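1. Sharing a sequence plus its predicted fold:
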Number of protein chains: 2
Amino acid sequence: MNFSGEIIFSPYLDAGIVNEDSNYDEFFWEILQIADGNNEGYILSKTLKTEFHVGTAMKISIELNNEKVEVSQQTKLKEKSLTYTYKLTVAEGDIATLYKYGSYVSSLNYKKEDLIKAAFSNVDVASQLGFEQLLNVQRNSWEEIWHMADIVIEGDIKAQQGIRFNIFQLNQTYLGTDARLNIGPKGFTGEKYGGSTYWDTEAYCIPFYMATKDADVAKNLLLYRYNQLDKAIENAEKLGFTNGAALYPMVTMNGEECHNEWEITFEEIHRNGAMVFGIYNYVNYTNDFDYVVNYGLEVMIAIARFWHQRANFSKAKNKYVILGVTGPNEYENNVNNNFYTNYLAKWCIEYTVDCLERVDNDYSEDINRLKTKLNLTAEEIDLWIDVADKMYFPFSEEHNVYLQQDGFLDKELIPVKELSKSNRPINQKWSWDRILRSCYIKQADVLQGMLLFEDKFTKNEIEHHFDFYEPITVHESSLSPCVHSILAASINRIPKAYEQYLRTSRLDLDDYNHEVNEGCHITSMAGTWMSIVQGFGGMRVWEDGILRFDLQIPKEWKSYSFTINFRGNIIKVYKSQSACNFYNESDNEIKMIVNNNEILIPSNQYVKV
Amino acid sequence: MNFSGEIIFSPYLDAGIVNEDSNYDEFFWEILQIADGNNEGYILSKTLKTEFHVGTAMKISIELNNEKVEVSQQTKLKEKSLTYTYKLTVAEGDIATLYKYGSYVSSLNYKKEDLIKAAFSNVDVASQLGFEQLLNVQRNSWEEIWHMADIVIEGDIKAQQGIRFNIFQLNQTYLGTDARLNIGPKGFTGEKYGGSTYWDTEAYCIPFYMATKDADVAKNLLLYRYNQLDKAIENAEKLGFTNGAALYPMVTMNGEECHNEWEITFEEIHRNGAMVFGIYNYVNYTNDFDYVVNYGLEVMIAIARFWHQRANFSKAKNKYVILGVTGPNEYENNVNNNFYTNYLAKWCIEYTVDCLERVDNDYSEDINRLKTKLNLTAEEIDLWIDVADKMYFPFSEEHNVYLQQDGFLDKELIPVKELSKSNRPINQKWSWDRILRSCYIKQADVLQGMLLFEDKFTKNEIEHHFDFYEPITVHESSLSPCVHSILAASINRIPKAYEQYLRTSRLDLDDYNHEVNEGCHITSMAGTWMSIVQGFGGMRVWEDGILRFDLQIPKEWKSYSFTINFRGNIIKVYKSQSACNFYNESDNEIKMIVNNNEILIPSNQYVKV
C-alpha cells in the first residue's frame, strides 16, 4: 500500500445478467436460489427455455502481508446478486490481498440437486490449492497447447500477434473433451449467435483441431452431429421430407433448428453438405474409416436421402435442379441452382455411395446392420445416383465460369473497387433488396466449393473463377478473407494472399468491421490458421491420404513455422525466404509430397527440402 | 315481461380491448380519461403509435310501458370500463325498454380537446331523435344504397345471398366521403391486416365504387394516394431511389410502409403499378382527365421514375430486367422477371408518357407547371422509354405462354387436381420452402395482368394462358377466384366462371377457409361484384371510353340484373336465359357496344338486345 488507512473489498456474485439480444427485455435466466455464508456464497439459476441449471459459488480469503487474516464480513443480498464487503485497516507498505475463488457447474455434468454441493466442492479444492498452484496448473496446460498449436512468424509483428491471438481464442473456446459441446461463432466472447453451433464447425474449425490435437477432438465434433441425427431427421420431417432424410439445423443448441428466417433455415441447405464434408475431411486426415462405418454412414445416408428428395427433375433443362436455396453468399436468397449447393449435393451422394461400396466390400456385417437399420435398398441408391449423375450446374460459355446461380448474369457486374466508399459496407448502407439484386458477394460461394474440392479442379480453372468472383466480393462475412487467402496462395498470388491473411488474422484486434463489441469471430479464427497452414504452407490431405505441402512465403516475412499432428505423428514445418525444413518428432518415418516431390522424413530427424 | 319481479340492466363502455394481433400482449390503446355522470358517461383513449384520439360516449334512457322513467343508477368505474346498473321492478305484461345511445368521435375530425364535447353532443342529438327516427334515417340511407348497388339473381338463392352479403359489407366499410380513409382487407370486421390499406383498393375495389356511386367516391380513393405521394417518395429514398421516384407502401395507415417482411415490402413492387392502373381505370370510366392533369400525373411520373431505376440492363439478355421481386402470387419470392411486374412497369411508363403528351398538347400551362415542379426533362423521359421499349418478358416457345418468372419451367408442373386432399391448403400443410419450390399459384399473376389489360391480348392468348395457369392455381388468396371467374366468362367458360363465382361470393358465408373468425374478406367482395358485372355481364370500359357489355348467364340462374352509374347516367341491366334488356334511367342518350354491336339507348327508355 502507498498509504495508511482503510481499504474496502467488495467481491460479489451477480446473476442479474441483462441480455443485449433479448426482445422486449425478456430475461433468459431465472434465479432459483441465492445464499450467503461465511466467506462463501452461491447462486443457483437456470436458463428459461433450455433449462440448463447452473450453480455458481465463490469463496473469499484475505491475506495481510501474505498471512491469512479473518476480516468481518458485511453481506448485501439482493434479488439477483450477493456482495460481501470487507474493511481492512492497512499501514503504508502493507500488502493486502483478496483471493476470490469461483466455480461454475452445470446440469450438463451434475444432477440438478448436486449443483450447489459441486460448486462448493470446487471452490474448496481451489482455495486449498491456492492461487499460485492454480496458476501453475493453468500455465502448464497452456504450455502443452502452445507446443502443438503455436505458429511463429519472424519479421512481421502484426502478423505474428494476429495468429497467436487467434490460436489463443480457439483454445479458450473448445478443448474437445466433450462431444456434447461445440463451437459458437463468437465462442464465449459475446452474446451474438447465442453460443449456438453453425456449419462453421465442419467447414472451418475441424482442420485446426485435427492438426493441433489428437484425433479424438475432431471426432468429438463429428459425434456431436451424429448424436443429433434424430433431431435432424425430425427437422426434415417438419419440412415434408420422408424416409429418414435429414436436414441439419442452421443454428442449434441441442439439435433442433433455432434460427427463424425462412431464407436461412429452409433454404441455406448447403450446411447439410458441410456435415458430410467434415466426415470426409476427418477420414482423409486421420485414416479413421471406422468412424464412417460406426457413425458417419448413418449421417451420410440420411443426407443423401435429403438431396435426392430436395432436387427435382427439370424437363426444361433435362437435368436435376435444386430450386429455392441460399448459398454461402447470403447476399442472394431463394435462388435456383446455386453452384456450391448443387455441387455438394452431387458430391455427398457420390461419396456416400463410395463409402457404402467400401463397407460392402470390407465390412460385411456392418453393411447388413446398416441396410437393415436404415431400410436401405439397392433401388433407393440407384435413385440417388440418378440425381447425382444428372445434376445441373449453371455455366457461362461466355465467361467460361460456373455461375453462382441461374440468374447471376442478369446482374450488373461492376467491380467492388468502382463502388464509392460511401456505399460500404453495403450491409449497413443499402436496403436488403438492393443487396440481393446486386452482384456483390458476401463470402466465397463458388470459390468455397473450389476450395473444399480443390483436387477436382485445375489450377487454371481456380484462377479463372478467382478472377471472376473475387473482384465482386465484399468480404462482409468474417469467413470470407481466409478462403480467398488460401485460394490466392494456391494460385501463387502471394500479395493477395497476404492482404487477405492480414484481414482475417487482425479482424478483431483491429476491429475492422466496428463490431468487436459483439464478440470475437472465433470460427473465422480457425480460417486464419488455415490461411497459414493450408494457404502459405499449402498443406492438403485428399482421399489418397497423402500429406502434401506446397510452401510459399510472403515477402514481408523472414520465416514462419508451425506444428501439425498427422495421424499421431508430430511434424514441425519451417519455411524462410531461402529454406524449408521439416522435423519429424515422431517415432515413425513419414512420407509426404512437398512441392510435388515425394520425400521421406525419418523418425526424429530434420529434412531440408 | 312474462314474469313479475326485478329486472337488471347493465349497459357499459369498455375500452379494455385485447388485441389478438399483439406481440407479448402489448396494448395498442391507452385510456386517457374515463368519467361517469347521470345516465351518461365517456371514455377518452388514444392509439399508441398513430396517436389517434377517440372519444366514446353513451347515454342511457329507460322506459316502462313506453313512458320514460327515472331509475336510480349504480356505477362501477374500473380502470378501463364504465358500467351502470339499473334495477327495475316490473309486473307481468309490462314492457321495459333500455335505450343506449352511443357515439364515437376521433381526432381525425375534431380537435383533441373537443372530443368529449362532440361525443356528448352526438348522443344528445341521437337521444332527442330517439330510436325510431334513427332507424328511419338508417333505413332511408340503405334504400338509396341498394337502389344503386343491388344485384338481383333469380333462381339461385345461394348466389343471390352471396352477392347481397358482399354488397352490404362493402357499403358498411366505405362510403367514400373522406379522402383520408381507405378500405382495409377486412374492413371493420376483424383485426387482421390492422385496418391498413393494400393494393386491393386500386386493383379490386375501385370498379365497384365507380359503378355504384358518384365519381367523387372513386376520386377520393385516388386522392388518398395522391396525398401520400411524399411518403411514397420518402419510402423509395430509404431504399436508395433518387430523383423523386416513389414506391407506395404494401401496407399503410398514413402513407408509411408498415409491413415488415423484406420479400413483401422491398420486393412486391407491382403494387406501384396498381396505383397507376387505378388512375387509368378511373379516367377510362369517368372521362375525368382533369384528375390526371391536376393530381394523377405527379403520382405517375414518380412511379415511372421508380421503374426506370428499378430495372437494370442485362447484358446476357440484351434487355432490361427486373430482378428480385415478388409478384401477386406470393407463393414465389424474390424471383426475376415476374411477367406481371415487368408488364406493369413497361405499361406504367408508356401510359405516363402518353398522358404527358396529351397534357403537352392540350394543357400547355399545366405541362410547364409539372415539368418545373418535378424537374422533368425530355432527356429523362427518353431514358424511361428506353426501359419500356427494351423490357424483357420470359416466354416459353414450347408452351407458347408468358412465364410467371424466369425459373418457372424448372418446376415440376403437376396439376392441383393430382394433389391429395391431405396436402390442402398447402399454406397450412407444407413448409414455406416447399411452397416456394412448387408450381402452385396462390392467386392470379400472369392472368391478373391479362385481366387488367385484356384489350391488349387476343381471346386465344387468354384462353391459352388460362389453360396453362389455372390448373396449377390453388386459389388460397381470397382475391383469386374472382379474377378467374371473370376471365373464365370472358373466354366463354361459364361453368368454370360459375364455380369460381360461388367460391368468391360465399367465401365468408360458408367459411371455406376456416378463418372467418379473422374477419370478412372485404376487398375480395368487390371482386365478387366484378365477377357478375364484368364476368357474366362482360362490362368493360377501355381507353376509348366506350361502355361495352358482353352478356352471358350461368345455366343455374333464371336471370340477373344490376345497375351502374356510367358518367352520371344510371343504367339498369337485365339478363335472363332468353332475354337481355337495358333501361336508361338518365336524361341522356347512351351509346354502348353490346355483344360487339353498337346500340343507342334513348333517355328513360328500355331497349331489348
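-> Thanks, I have it. Keep in mind that this is a model prediction, so the values were computed, not measured.

2. Residue A:412: what secondary structure?
-> Following DSSP: H, G, I helix; E, B strand; the rest coil, we place residue A:412 in the coil state.

3. Check it and give its pLDDT.
-> At residue A:412, the pLDDT value in this model is 97.

4. One more: residue A:408?
-> For residue A:408, the model assigns a pLDDT of 98.

5. Give the full set of residues in contact with residue A:388.
-> By CB atoms under 8 Å, 6 or more residues apart in numbering or on different chains, the residues touching residue A:388 are A:345-346, A:349-350, A:353. Backbone N, C-alpha and C define where each C-beta goes, glycine included.

6. Is residue A:570 located within a strand, as I assumed?
-> Yes: when the secondary structure is assigned by three-state DSSP, residue A:570 falls within a strand.

7. who touches the closest residue to it other than its chain neighbours in this structure?
-> Nearest non-adjacent residue to residue A:570, counting by CB to CB, 6 or more residues apart in numbering or on different chains: residue A:585, 3.9 Å away. By CB under 8 Å, 6+ apart, the contact set of residue A:585 is A:569-572, A:604.

8. now the biggest helix by length in chain A: mean pLDDT?
-> In terms of residue count, the longest helix belonging to chain A (DSSP state H) is helix A:115-149. Average pLDDT, helix A:115-149: 96.

9. What is the subsequent helix or strand relative to that helix?
-> Once helix A:115-149 ends, the next helix or strand along the chain (criterion: DSSP states H and E) is strand A:151-154.

10. tell me which strands and helices that next one is in contact with?
-> The contact analysis (3 or more CB pairs under 8 Å, 6 or more residues apart in numbering or on different chains; DSSP states H and E) places strand A:151-154 against helix A:157-173, strand A:559-566.

11. most tightly surrounded among those?
-> With neighbours taken as mean count of other CB atoms under 10 Å in any protein chain shown, the helices and strands packed on strand A:151-154 reach their highest mean count in strand A:559-566, at a mean of 21.

12. Note down every partner strand of it and its orientation.
-> Strand A:559-566 has its sheet partners listed here by DSSP bridges as strand A:151-154 (antiparallel), strand A:569-576 (antiparallel).

13. And the contacts of it?
-> Residues outside strand A:559-566 that contact it (CB under 8 Å, 6+ apart): A:147-155, A:210-214, A:285, A:532-533, A:536-537, A:539, A:541, A:547, A:553, A:570-577, A:579, A:590.

14. 6 Å instead?
-> A:148, A:151-154, A:211, A:533, A:547, A:571-576 (CB atoms under 6 Å, 6 or more residues apart in numbering or on different chains).

15. Spell out which parts of the stretch 201-350 of chain A neighbour chain B.
-> A:239-240, A:262, A:266-267, A:312, A:314, A:316, A:321, A:323-324, A:333-334, A:336 (CB under 6 Å from any CB of the partner chain).

16. re the thing from before, redo the helices and strands packed on strand A:151-154 as a markdown table? Include mean pLDDT.
-> Listed next are the helices and strands packed on strand A:151-154 as a markdown table, based on pLDDT from 0 to 100:
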| stretch | mean pLDDT |
| --- | --- |
| helix A:157-173 | 97 |
| strand A:559-566 | 98 |
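
17. Residue A:271 is nearest to which of those?
-> Within these, the stretch nearest residue A:271 is helix A:157-173; the backing value is 20.0 Å (CB to CB).

18. The closest one versus strand A:559-566: what angle between them?
-> Here the directions of helix A:157-173 and strand A:559-566 differ by 20 degrees (axes from the mean of the first three to the mean of the last three CA atoms, to 10 degrees).

19. what's the following helix or strand after helix A:157-173?
-> Assignment by DSSP H and E places the next element after helix A:157-173 at helix A:200.

20. Next SSE downstream of that next one?
-> Next along the chain from helix A:200, counting by DSSP H and E, comes helix A:206-212.
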